[in-house]
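>>> What follows is a predicted structure for the sequence shown.
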Amino acid sequence: MAEAFAKATAENRAALVGYLPAGFPTQQGGIDALTAMVGAGVDVVEVGLPYSDPVLDGPTIQQAADRALAGGTRIKDVLATVEAVAATGAATVVMTYWNPVLRYGVERFAADLAAAGGAGLITPDLTPDSGADWLAASDARDLDRIFLVAPSSSPERTAMTVKACRGFVYATAVMGVTGAREQTSEAAPPLVARIKTIMRENGVELPVGVGLGVSNGTQAAEVASYADGVIVGSAFVRRLLDAPDVATGVAGCAELAADLAAGVRARR
């Protein structure tokens with residue numbers, strides 16, 4: 001993860017982070033789409049672990065996760081996706097709610113993720129003060145851990161969160177669920193500035209990625225003007241949902257990734 005962000009910084013741009021749930025639209029189709037996204041300019045890949053109660057996800061990602069679960073996707077398939085995508089050289093993390101990890105076993109999950117070449121976890125419903133098992137397991141396996149900071153996070157909780165993060169800090173640009181939006185959030189620039197100030201005050205040096213809402217290169221350029229990473233999920237999922245077949249959807253994801261990659265290079 002550090003290498004991916006350092007490379008982007010050396011090129012005077014933000015990193016592009018792309019998300020798809022594993023097993024969607026099929027197991028191989030998801031791998032093909034993520035691989036195509038990397039080829040078109042995605043620096044960091046988030047492999048979603050489909051879950052039946054995705055409290056942060058909007059209807060687009062929920063629909064994709066439902067299809068993946070109906071198709072039989074399980075944690076072993078998520079790890080297989082991670083292994084395939086990590087083989088491209090892209091930094092690959094899992095985006096997951098915490099209950100599946102608990103059911104699988106925290107230490108077992110960390111070991112299997114590391115063995116698959118995964119870089120770490122993004123855990124939207126886990127906070128550092130309730131994640132002692134994960135802090136220990138990620139330290140033991142040298143895995144990155146990405147926690148979320150919201151516009152409503154207090155300075156004290158923000159400080160606690162950034163000190164526990166490794167890889168990058170995930171700034172959620174809106175108070176709501178995921179989903180592509182017509183405009184990026186006005187709350188995002190001051191949130192990023194506040195996070196960076198708190199990191200400096202606490203001796204933390206990490207990139208800050210902004211997620212929730214970006215759907216095109218123009219929006220990516222706007223976010224890249226103040227953030228270190230631009231995170232895109234629902235827009236990629238929508239390309240696959242709207243496609244008449246898997247091949248067309250994969251091509252659509254590559255096309256979108258190229259547009260977003262141009263965007264993150266346009267405003268620095």
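Perfect, thanks for sending it. Residues are numbered from 1 along each chain as shown.
>>> quick one: residue 223 and residue 13 touch, right?
No - between residue 223 and residue 13 no contact is recorded; they are 11.7 Å apart, counting by Cβ atoms under 8 Å. C-beta here means a position set from N, CA and C on the backbone, and glycine is covered the same way.
>>> and these two? which has more neighbours close in?
Neighbour tally, residue 223 and residue 13, criterion other Cβ atoms under 10 Å: the higher count belongs to residue 223, 28 against 21.
>>> what's the spacing between that one and residue 265?
Distance, residue 223 to residue 265, using Cβ to Cβ, to the nearest Å: 13 Å.
>>> quick one, helices of the stretch 1-150 of the chain?
For the stretch 1-150 of the chain, the helices defined by DSSP state H, counting those that start in this stretch occupy 2-10, 27-39, 59-70, 75-86, 98-104, 106-115, 132-141.
>>> between those, which gets nearest to residue 49?
Proximity to residue 49 (Cβ to Cβ) singles out helix 75-86 among those, at 4.9 Å.
>>> Show me what counts as buried in the closest one.
Burial within helix 75-86, assessed by neighbour count using 16 or more other Cβ atoms under 10 Å, is assigned to 75, 77-86.
>>> quick one: residue 210 and residue 160, what's the gap?
When Cβ to Cβ is applied, the distance between residue 210 and residue 160 equals 20 Å.
>>> Between these two, which has more neighbouring residues?
Here residue 210 and residue 160 are compared on neighbour count by other Cβ under 10 Å; more neighbours surround residue 210, at 30 against 17.
>>> Next, the contact list for that one, please.
171, 173, 188, 192, 223, 227, 229-231 (Cβ atoms under 8 Å, 6 or more residues apart in numbering).
>>> Next one: it from residue 108, what distance?
32 Å.
>>> thinking again about what came up before, tell me which of the contacts of residue 210 is nearest to residue 33?
After measuring those against residue 33 - Cβ to Cβ - the closest member comes out as residue 231, at 16.6 Å.
>>> and the nearest residue to residue 13 once chain neighbours are set aside, what does it touch?
Excluding the flanking residues, the one nearest residue 13 by Cβ to Cβ, 6 or more residues apart in numbering is residue 265, at 4.7 Å. Taking Cβ under 8 Å, 6+ apart, we find residue 265 in contact with 11, 13, 224.
>>> cool, and residue 227?
By Cβ under 8 Å, 6+ apart, the contact list for residue 227 reads 14, 171, 188, 192, 208-210.
>>> repeat that for 6 Å
Residues in contact with residue 227 (Cβ atoms under 6 Å, 6 or more residues apart in numbering) are 14, 192, 208, 210.
>>> That concludes my questions; thank you for your assistance.
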